[in-house]
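Enquirer: Just the structure for this:
(chains A and B)
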Amino acid sequence: MTNHALIATGLTKRFGGVTAVNDVSISLPRGQVTALLGPNGAGKTTVFNLMTGRIKPDAGGVEYLGEDISHTSVARRARLGIGRTFQDVRLFPELTVLENAAVYAQEPVAQSLLRTILTPSTLWRENHRASTHAMQALEYVGMDAAKNRLARDLSYAEQKLVSIARLLAMSSDVLLLDEPASGVDDTGRATLTALLRRIADSGRAVCLVEHNLDVVRAVGDSVVFIAEGRVVAEGAPSEIFASRALAEIYFGTLK
Amino acid sequence: MSSVLLDILALTAIYSIVTLGQNVITGYAGVFSVAQAAIFGIGAFTYSGLDLLAGTTNVFVVLPAAAAIGALISGLIAAVALRVQGDFLVVASFGLQLVIIQVAYNWQAVSGGGAGAFGLSAPVLFGHAVTGIPQWLALILVIAGAIYAITTWVVRAPFGRLLRAMRDDDSAVQAAGFDSRKLRLSAFVFGGSIAAIAGALYAGYQGVAQTGDFGVATSITLLAAVIIGGSGSLLGSILGAFLFVGAPRLMNLVAVPDNLTGPIQQLAFGMLVIAVVGVLPGGLASLLNRTVRRGSGRTSTTVAGDST
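Expert: Coordinates of the predicted model:
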């Protein structure tokens, strides 16, 4: 039985005369880590942006749990359960680690000024609930001890863990992670791969854009190889890594 | 205390409310709007309009009316100005500030045109006219205190956390499932409604509402008060309002020959502002918690592998 949380079909995006993403179809199964691999500029981040609604496709659509979400906003898709991190992390630097996660744990009522003023007790409880939820997410990624530090004082590896904790705090069902291992040292990478495995095993769908092949090999269940905006190969990491043709595309022509 | 000092206290309290509103918009939501004085003015003209046209200065009518009209107009300003960003937003809000004051200027029945609306009635509270500085001060301080308490809650509640998060990174707030445009609009509605309440108090207290008090210079002063006081610190807004409104009036009390007062005051004041901007990037409020934060430093320090 296929158990796909998110299915993207025929995604196409043109910027001016350049077709950045060309008829890309990707299904993200629950319980698995899918890695998007490909040379720089292949269109991997653009695929994420299309899946999250940050940019609108020229053709193609996105289904989540069987529902067409092609025309919904970024915020709506996040509410439905599609969470994403950014290549440049984008924590809130002047907020503490706990607050960073709590923002993602907050229910929509938090953005109502009227409810904040007229029903303070509801918002007080919401604050407490969000903080508790955020704390659990930080414990899950091992960043609970840093809860009171400002995000701007964290190391890069720590920031990446907090960015993943934010998605867990939001109870995301699909996690789109944009280069989670870049700029992270060996120890940090081991922690990260173990964490990604644990998240996938909990029944969520995880999708990585990742340049570090060791990470893809360690944690990827399947690889989607993208070049020049097209899916050129799909399969298990061992199959993809065995292909000389793909290696040439990835590393440039080998002597 | 002499009535002069009470007067300074009353004016500082009124301007503190307007500065708090500007701080929610600028210090928390991160929007550099220079239209706050126009909303302050709308509150004053709501007072004069209700007095001159409807014959009422009942506190329970004029203050809610000012809050509602201020919220509405500030929301409209946001809806227009927030279509653009950065420098363009500053210029757009500046234009709206000019338009609003020009419309008020021409609505002579309410604003009295260039001369201003003079001889306004005192506000009525439970059937009694509020007259005399002590009574006034009590009314202003109670309202300012209530607004300070509400604002404190708003910025500490999940709503305020979202505003600060949005100031830091807009796209990450959207990725968290929130509508950042609506959040910014809400900040304007809140900041505008309390500014207009302050404006109604101001007109009632002075007995005058004139467009000259609510011009571009006042808007810039309010923005400066937020930054000098401490962006994102509510206590800082009160310090900022005191520095720009209370301190110059206090300096007037110092016995200096009249022909020197003006130049000395301006000089001392200008130097103080430059000193604060140069030495205290966190504003005056950062003096208060300086000892607490001294150790943390401003650079992003890396604590080697203690959490992985």
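Enquirer: Which stretches in the stretch 51-200 of chain A count as strands?
Expert: A:59-64, A:67-68, A:82-84, A:174-178 (DSSP state E, counting those that start in this stretch).
Enquirer: looking at these, which is closest to A:Tyr140?
Expert: Nearest to A:Tyr140, of all these, is strand A:174-178, at 12.5 Å by C-beta to C-beta. (C-beta placed from N, C-alpha, C; glycine too.)
Enquirer: Send me that closest one as PDB with only the CA atoms.
Expert: As requested, the backbone C-alpha atoms of strand A:174-178 are provided in PDB (Å, rounded to 0.1, in the frame of the first residue of the first chain):
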ATOM      1  CA  VAL A 174       5.800  16.500   6.000                       C
ATOM      2  CA  LEU A 175       9.200  18.100   6.700                       C
ATOM      3  CA  LEU A 176      11.000  19.700   3.800                       C
ATOM      4  CA  LEU A 177      14.600  20.300   5.000                       C
ATOM      5  CA  ASP A 178      16.800  22.600   2.800                       C
END
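Enquirer: Parallel or antiparallel, list what pairs with it.
Expert: Using DSSP bridges, strand A:174-178 pairs in its sheet with strand A:82-84 (parallel), strand A:205-209 (parallel).
Enquirer: Could I get the average pLDDT for the shortest one?
Expert: Strand A:82-84 carries an average pLDDT of 96.
Enquirer: What of the longest one?
Expert: Per-residue pLDDT over strand A:205-209 has a mean of 96.
Enquirer: Quick check: what element follows the biggest helix by length in chain B along the chain?
Expert: Longest helix in chain B by number of residues (criterion: DSSP state H): helix B:180-206. Next helix or strand after helix B:180-206 toward the C-terminus (DSSP states H and E): helix B:216-229.
Enquirer: Is there proximity between that following helix and chain A?
Expert: No - shown here: helix B:216-229 not in contact with chain A (C-beta under 8 Å from any C-beta of the partner chain), separated by at least 15.7 Å.
Enquirer: what angle do that helix and helix B:180-206 make?
Expert: In terms of direction (axes from the mean of the first three to the mean of the last three C-alpha atoms, to 10 degrees), helix B:216-229 departs from helix B:180-206 by 110 degrees.
Enquirer: So what touches the helix or strand encompassing A:Phe241?
Expert: With secondary structure defined by DSSP H and E, A:Phe241 is part of helix A:237-242. With C-beta atoms under 8 Å, 6 or more residues apart in numbering or on different chains as the test, helix A:237-242 has contacts from A:35, A:37, A:213, A:216-217, A:220, A:222-223, A:225, A:233, A:246-247.
Enquirer: which among those residues gets closest to A:Thr119?
Expert: The nearest member of the contacts of helix A:237-242 to A:Thr119, counting by C-beta to C-beta, is A:Ala35 at 45.1 Å.
Enquirer: I'd guess the closest one is in a strand, am I close?
Expert: Yes - according to DSSP: H, G, I helix; E, B strand; the rest coil, A:Ala35 belongs to a strand.
Enquirer: State the pLDDT value of the spatially closest residue to it that is not a sequence neighbour.
Expert: Excluding the flanking residues, the one nearest A:Ala35 by C-beta to C-beta, 6 or more residues apart in numbering or on different chains is A:Gly220, at 4.0 Å. At A:Gly220, the pLDDT value in this model is 94.
Enquirer: JSON lines please, covering the strands paired with strand A:174-178 and showing mean neighbour count.
Expert: Below are these laid out as JSON lines (neighbours: other C-beta atoms under 10 Å in any protein chain shown):
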{"stretch": "strand A:82-84", "mean neighbour count": "27"}
{"stretch": "strand A:205-209", "mean neighbour count": "25"}
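Enquirer: quick one on the thing from earlier: helices or strands up against the longest helix of chain B?
Expert: Applying 3 or more C-beta pairs under 8 Å, 6 or more residues apart in numbering or on different chains; DSSP states H and E, one finds that helix B:180-206 contacts helix A:113-118, helix B:3-23, helix B:36-49, helix B:59-81, helix B:133-156, helix B:158-168, helix B:170-175.
Enquirer: most tightly surrounded among those helices?
Expert: Counting by mean count of other C-beta atoms under 10 Å in any protein chain shown, helix B:36-49 has the highest mean neighbour count of those, with a mean of 30.
Enquirer: now the angle from that one to helix B:59-81?
Expert: Put simply, helix B:36-49 runs at 140 degrees to helix B:59-81, going by the same axes, to 10 degrees.
Enquirer: now for helix B:36-49, which elements pack on it?
Expert: helix B:3-23, helix B:59-81, helix B:86-106, helix B:108-111, helix B:180-206, helix B:216-229.
Enquirer: So for A:Val174, which of those sits nearest?
Expert: helix B:180-206 (21.9 Å).
Enquirer: Go through that closest one and flag the buried ones.
Expert: Neighbour counts using 16 or more other C-beta atoms under 10 Å in any protein chain shown place B:180-181, B:183-206 of helix B:180-206 among the buried residues.
Enquirer: residue contacts, the residue nearest to B:Ile73 when sequence neighbours are not counted?
Expert: Excluding its sequence neighbours, the residue lying closest to B:Ile73 (C-beta to C-beta, 6+ apart) is B:Ile42, at 5.4 Å. Applying C-beta under 8 Å, 6+ apart, one finds that B:Ile42 lies in contact with B:66, B:69-70, B:73, B:100, B:104, B:196, B:199.
Enquirer: Where does the stretch 101-250 of chain A get nearest to chain B, residue-wise?
Expert: Ranked by C-beta to the nearest C-beta, the top residue of the stretch 101-250 of chain A for proximity to chain B is A:Ala110, at 3.5 Å.
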